[in-house]
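# need a structure here:
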Amino acid sequence: MTTGGFSARRLTRLRNLLERWVETGFVPGAVAVLARHGAVHVEQTGTLAFAGPGSSAPMGTGTIVRLGSMGKPLAAACLMTLVEDGTLRLDDPVDDLLPELAERRVLADPGGPLADTVPAHRAILVRDLLTYTLGIGMVPAEPGTVPIADAIDAIGQPEPDEYLRRLGALPLVRQPGDAWMYDTAGDVTGVLVARATGQSFGAALRERICEPLGMSDTGFSVAAAGLDRLATAYVPVSGPEIEDGPDGRFSRPPAFESGGGGIVSTAADWLTFASSLRSYGVLSRPAVTLMTSDQLTPEQKANGGFGPGYLAAIGWGFGMSVRTRRTDLGPSVGSYGWHGFYGTAWYTDPAEDLTTILMIQRAHAGNQQLPHARDFWTAVYQAID
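Just a heads-up that it's a prediction; the model follows:
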């Protein structure tokens, strides 16, 4: 047995899996962190890039990566600091700070014309942003088939006030509180934090979360001095094609600081954040309990998700998923965390006293039902001695 309660022999299966990803060209490098019983085990292999800058730099816990949607829990935690200090209340309407979202209209038919609407039954609440039940979000559909899906996609990410203006010009897809809808709530969270604090979202995140915890490599862009540690992101086509490089969009501050998918970080920083939730480093025990407990009703699950069964084994706390049923060799019931577009993933499993972090940079690799992700979680959990 190794420290942390892992089998040294079984950990070789995890190491072999990551090495196989590199050898087959799935990714140029990968880092996995397993923290359990006070010990931290790291498996790292490969480099920051297949070729060019970064191709000789080893992937490690200090490698900067794009988190994609894995940044959503951090945005939620930042908002919860405002609830704790009395700036915001969970069940207050957002109307005063986000007047663009006041007095909403709602589509009579989620797939119907944008002009066919009914009044919202109630205002959007701060709680709705955290639970992703504000009534608008990602609508999976082929382009040109569902009007609201095309309209949401067309919003883009302009500067925050323009983003809210465009969003507020659209009807909601569902009544506030009726359904879990993905993604948009994370971006609105960032705008709410900015307006409530009178700072940019990035400045508030640094002041309230990153600086107190010492997360020096977490933010919305990478300073020039750190670009040599930013891994290249690839998109799978006929061969590995660069989706975003060190000189790409994260090399400069963005117009819109996206709480839904614009944060960069490192495995070391993210372990610090995950550990702070367990030790109540920046949030109280009651706040963390709310964040990491399933807040969705059966009706909200039935009306939301990405199709039938998506929420059958998971719920949603504040900005992150919560495991409600164990269906495979992976996180236990009560585990919480989330994953991202580029294949990054984080889950904390209180039943096993285990925090697991995976950092890779491959576009469209975030779905945890994909074969590589299933293999990863199997390798992690079979290694517990």
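# would you confirm that Ser69 belongs to a strand?
No - read with DSSP: H, G, I helix; E, B strand; the rest coil, Ser69 is helix and lies in no strand.
# and stretch 331-344, end to end?
With C-alpha to C-alpha, to the nearest Å applied, stretch 331-344 spans 16 Å between its terminal residues.
# and stretch 129-142, by the same measure?
Using C-alpha to C-alpha, one end of stretch 129-142 lies 26 Å from the other.
# show me where the stretch 1-150 of the chain has its helices.
8-23, 72-84, 126-131, 147-153 (DSSP state H, counting those that start in this stretch).
# buried ones in the first one?
Neighbour counts over helix 8-23 (16 or more other C-beta atoms under 10 Å) mark 10-11, 14, 17-18, 21-22 as buried. Placement of C-beta: from N, CA and C, glycine included.
# mind putting those into TSV with pLDDT and distance to Gly337?
Converted to TSV, the buried residues of helix 8-23 look like this (pLDDT from 0 to 100; distance: C-beta to C-beta, whole Å):
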residue	pLDDT	distance to Gly337
Arg10	96	22
Leu11	97	21
Leu14	98	18
Leu17	98	20
Leu18	98	19
Trp21	98	21
Val22	97	24
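# let me have those in a markdown table, extended by distance to Pro28.
Converted to a markdown table, these look like this (distance: C-beta to C-beta, whole Å):
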| residue | distance to Pro28 |
| --- | --- |
| Arg10 | 26 |
| Leu11 | 22 |
| Leu14 | 18 |
| Leu17 | 16 |
| Leu18 | 12 |
| Trp21 | 9 |
| Val22 | 7 |
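# closest one of those to Gly260?
Among the buried residues of helix 8-23, Trp21 lies closest to Gly260 (C-beta to C-beta), at 26.7 Å.
# excluding residues flanking it in the chain, which one is nearest that closest one?
Val27 (5.3 Å; C-beta to C-beta, 6 or more residues apart in numbering).
# quick one: contacts for the one you found?
Contacts for Val27 (C-beta atoms under 8 Å, 6 or more residues apart in numbering) come out as 21, 46, 234, 343, 360-362.
# just checking, which of those belong to helices?
In this view, the contacts of Val27 that belong to helices under DSSP state H are Trp21.
# among the contacts of Val27, which pair sits farthest apart?
Most distant of the contacts of Val27, by C-beta to C-beta, are Gly46 and Gly343, 13.1 Å apart.
# between these two, which is the more surrounded one?
More neighbours surround Gly343 than the other of Gly46 and Gly343, with 30 against 22 (other C-beta atoms under 10 Å).
# need phi/psi at the more buried one.
In terms of degrees, to the nearest 10, the main-chain angles of Gly343 are phi 90, psi 0.
# now do Ile242
phi -70, psi 120.
# how about Asp91?
Torsion angles at Asp91 (phi, psi; degrees, to the nearest 10) stand at phi -100, psi 20.
# show me the contacts for it.
Counted by C-beta under 8 Å, 6+ apart, Asp91 has contacts 125-127.
# could you check how far it is from Val126?
7 Å (C-beta to C-beta, to the nearest Å).
# skipping its backbone neighbours, what lies nearest the most centrally placed residue in the chain in space?
In the chain, the residue lying closest to the centroid (C-alpha atoms, centre = their mean) is Met70, at 2.3 Å. Once flanking residues are discounted, Met70 sits nearest to Gly340: 3.6 Å by C-beta to C-beta, 6+ apart.
# which residues of the protein fall in strands?
Secondary structure of the chain by DSSP state E: the strands cover 29-36, 39-46, 65-66, 105-107, 117-119, 233-236, 240-244, 264-265, 314-316, 321-323, 336-339, 345-349, 354-359.
# can you say which of the ones you listed is packed in most?
Ranked by mean neighbour count, these are led by strand 65-66 with a mean of 28 (mean count of other C-beta atoms under 10 Å).
# may I have the beta-bridge partners of the spatially closest residue to Glu19 that is not a sequence neighbour?
Spatially, and ignoring its direct neighbours in sequence, Glu19 is nearest to Thr45 (5.1 Å; C-beta to C-beta, 6+ apart). Assessed by DSSP bridges, Thr45 has beta-bridge partners Ala30.
# enumerate every residue touching Thr45.
By C-beta under 8 Å, 6+ apart, the residues touching Thr45 are 15, 18-19, 22, 29-30, 59.
# got it, and Ser321?
314-315, 336-338.
# sweet, I'm off.
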